[in-house]
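Asks: everything below, folded, please.
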Amino acid sequence: MRRVVVAAGLGWVVMAAAGCTGEQGVLGSELGNGDEAAGAGQTETAAAGSAGADAGQRSLMDFVDLTFVDTKAAETDTYNGRCINSTYYLYDNGVLGCRVALIMPGGQCKGPSVASADTQLAAVAKSQLEARGCSDDSVPCDARVCELLTAAGDNLDACLSEQSPPDDFSGWCFVDPVRGIGDEDLTTCPLSDTGTSGLLRFSIAALPSEVEAVLFACAAETQSEVQSTRLRHVGEECTPRDEYEASFSSFGLDDITIDDDSTSCASGICLVNHFQGRVSCPYGQTQDRVSNIPLCWVPSTADEFHPVETAVAPQLVDRQNEDAVTCSCRCDGPGPGPYCACPEGTECVHLIDDLGEELSDYAGSYCIKEGTAYDPKHKPSPETCDPESMNCSETG
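Replies: Prediction:
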């Protein structure tokens, strides 16, 4: 993700943030080559487990699929893969929640993008292998378990953009164009009630020749997380990813922030348009509150709650988040696009000047709610949200 902030009088400030990168379906024991979307596959729900920050700290049994493969018969110029719902693979903080295990009776966990599986992944793989009927005549129950790591560098670029893998391809990636990950021509994975379906792409032909089976193991979000990551439409409220950091204080009225890797907006953009404070804490908090009884909390993405660790500016009564922090898309600009058409109830307004080639993809106009354009010559009233009078709406 690139978080872009336009500060009045300061120009551009660009900060790199934790990003996510991420085919099409398998049913039964056959692995598709990306030409057709498939159904849900084999699913198991584990007993309640830890809801950690990534799949390594959660149960990997929320979605499991074991598929037997023939590396020698695989086509070398074809990607293979699996449609997986975003509930399982992409958490609200951008962490990928799936891992790929390779089961091999012989050989070593060596080679490009191949490593020894840890205890957790190996246990899940062996339990699934036993459930499918491992034996000395097929795949032995004590087969070696390795992990296929995510693609990197040129391999990642190819995985996200090319129809066929390069000769030296290794690893895997996710393709989810709705969230701005990869080329839309690479997948037809269907939408679902709880989000998009990402296409996990890899190449059977690129695996070690000893591999007999491939396991996809994913850790789902909690129900509260699934609800919080419902894809919202342009013009609807959103919560910027900065607010999931306990150390983040407040947005500033003079700034525009583009969160261009939003997991809550179908467009992938959560626009903070001249807004003061935090969406998740309209009344803010003083530094004294931080040390005593906090008023501001990090938006919950699990069963744990964490207080914001710094003072937070209260929102302005005349410019609250429902008007100034919304899902958006770029509707006009200096280049060829692509640009979106603003839906009913929103309007296309110029927000960002073209300040150089590197950031030209952000310059131009964005869809905002009708009647909410910011006029620096007529700033909103300085009246802030007051917890004593409860004069602001509890949103976010």
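
Asks: please make it C-alpha for all contacts and neighbour counts, starting now.
Replies: Will do.

Asks: what segments of the stretch 1-150 of the chain are helices?
Replies: Using DSSP state H, counting those that start in this stretch, the helices of the stretch 1-150 of the chain run over residues 86-89, 119-131.

Asks: who does Asp259 bridge with?
Replies: As for beta bridges, Asp259 partners with Arg3, Cys270 under DSSP bridges.

Asks: that one reaches Cys270, doesn't it?
Replies: Yes - contact criterion CA atoms under 8 Å: Asp259 and Cys270 qualify, at 5.1 Å.

Asks: neighbour count: these two, which is higher?
Replies: Each of Asp259 and Cys270 has its neighbours counted (other CA atoms under 10 Å); Cys270 has more, 30 against 23.

Asks: and the gap between that one and Thr326?
Replies: Distance, Cys270 to Thr326, using CA to CA, to the nearest Å: 6 Å.

Asks: overlap in contacts of those two?
Replies: Counting by CA atoms under 8 Å, 6 or more residues apart in numbering, the shared contacts of Cys270 and Thr326 are Cys238.

Asks: for the stretch 201-350 of the chain, which spans come out with low pLDDT?
Replies: The model of the stretch 201-350 of the chain has pLDDT under 70 over residues 219-231, 300-305.

Asks: Phe202 reaches Thr76, doesn't it?
Replies: No - Phe202 is not in contact with Thr76 according to CA under 8 Å; the separation is 11.2 Å.

Asks: name all residues that make contact with the closest residue to Gly180 other than its chain neighbours.
Replies: Nearest residue to Gly180, sequence neighbours excluded (CA to CA, 6 or more residues apart in numbering): Gly268, at 6.5 Å. Gly268 is in contact with 178-180, 259-262, 327, 329, counting by CA under 8 Å, 6+ apart.

Asks: now the common contact residues for Asp259 and Cys270.
Replies: Contact with both Asp259 and Cys270 is made by residues Pro240, according to CA under 8 Å, 6+ apart.

Asks: burial of the closest residue to Thr384 other than its chain neighbours, as a residue count?
Replies: Counting by CA to CA, 6+ apart, the nearest residue to Thr384 once its immediate chain neighbours are dropped is Leu316, at 4.4 Å. Using other CA under 10 Å, Leu316 has 22 other residues around it.

Asks: start at 46, not 1
Replies: Renumbered: residue one is now 46, and that last one reads Leu361.

Asks: pretty sure Leu361 is touching Glu428, no?
Replies: Yes - here Leu361 reaches Glu428: they are 5.9 Å apart, a contact under CA under 8 Å.

Asks: ChimeraX command to pick out the buried ones of the contacts of Gly313?
Replies: In ChimeraX, selecting the buried portion of those, with burial taken from 16 or more other CA atoms under 10 Å, looks like this:
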select :223,224,225,304,305,306,307,372,374
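
Asks: in TSV, list the contacts of Gly313 along with distance to Asp163 and secondary structure.
Replies: TSV is the format used below for those (distance: CA to CA, whole Å; DSSP: H, G, I helix; E, B strand; the rest coil):
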residue	distance to Asp163	secondary structure
Val223	32	helix
Arg224	30	helix
Gly225	31	coil
Asp304	34	strand
Asp305	33	coil
Asp306	30	coil
Ser307	31	coil
Cys372	39	strand
Cys374	41	coil
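
Asks: what's around Pro327, how many residues?
Replies: 30.

Asks: quick check: it touching Cys430?
Replies: Yes - the pair Pro327 and Cys430 passes the contact test of CA under 8 Å, sitting 6.5 Å apart.

Asks: any shared contact partners between the two?
Replies: Residues touching both Pro327 and Cys430 by CA under 8 Å, 6+ apart: 359-360, 437.

Asks: ok, and the most crowded of those residues?
Replies: Gln360 (28 neighbours).

Asks: can you list the contacts of Gly313 in TSV and add distance to Pro344?
Replies: TSV is the format used below for these (distance: CA to CA, whole Å):
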residue	distance to Pro344
Val223	23
Arg224	21
Gly225	23
Asp304	16
Asp305	19
Asp306	17
Ser307	14
Cys372	17
Cys374	24
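
Asks: in stretch 196-215, what counts as buried?
Replies: Across stretch 196-215, burial judged by 16+ other CA under 10 Å covers 196-197, 200-201, 203-207, 210-211, 214-215.

Asks: give me the nearest residue to Ala291, chain neighbours excluded.
Replies: Leaving aside its chain neighbours, Ala291 sits nearest to Val353 (4.5 Å; criterion: CA to CA, 6+ apart).

Asks: where's that neighbour relative to Tyr419, distance?
Replies: Distance, Val353 to Tyr419, by CA to CA: 28 Å.

Asks: isn't Phe296 up against Arg323?
Replies: Yes - counting by CA under 8 Å, Arg323 is a contact partner of Phe296 at 6.6 Å.

Asks: the two - which one has more neighbours?
Replies: Taking other CA under 10 Å, Phe296 and Arg323 do not tie; Arg323 has more neighbours (28 against 22).

Asks: so what's the residue lying closest to that one once chain neighbours are set aside up against?
Replies: What sits nearest to Arg323 in space, not counting adjacent residues and going by CA to CA, 6+ apart, is Ser295, at 5.5 Å. Residues near Ser295 by CA under 8 Å, 6+ apart: 321-323, 357-358.

Asks: would you turn the buried residues of stretch 196-215 into JSON lines with distance to Arg286, pLDDT and secondary structure?
Replies: Converted to JSON lines, the buried residues of stretch 196-215 look like this (distance: CA to CA, whole Å; pLDDT from 0 to 100; DSSP: H, G, I helix; E, B strand; the rest coil):
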{"residue": "Ala196", "distance to Arg286": "25", "pLDDT": "84", "secondary structure": "coil"}
{"residue": "Ala197", "distance to Arg286": "24", "pLDDT": "81", "secondary structure": "coil"}
{"residue": "Asn200", "distance to Arg286": "28", "pLDDT": "87", "secondary structure": "helix"}
{"residue": "Leu201", "distance to Arg286": "24", "pLDDT": "86", "secondary structure": "helix"}
{"residue": "Ala203", "distance to Arg286": "28", "pLDDT": "90", "secondary structure": "helix"}
{"residue": "Cys204", "distance to Arg286": "26", "pLDDT": "90", "secondary structure": "helix"}
{"residue": "Leu205", "distance to Arg286": "24", "pLDDT": "88", "secondary structure": "helix"}
{"residue": "Ser206", "distance to Arg286": "26", "pLDDT": "91", "secondary structure": "helix"}
{"residue": "Glu207", "distance to Arg286": "30", "pLDDT": "91", "secondary structure": "coil"}
{"residue": "Pro210", "distance to Arg286": "33", "pLDDT": "91", "secondary structure": "coil"}
{"residue": "Pro211", "distance to Arg286": "35", "pLDDT": "91", "secondary structure": "coil"}
{"residue": "Phe214", "distance to Arg286": "33", "pLDDT": "92", "secondary structure": "coil"}
{"residue": "Ser215", "distance to Arg286": "31", "pLDDT": "91", "secondary structure": "coil"}
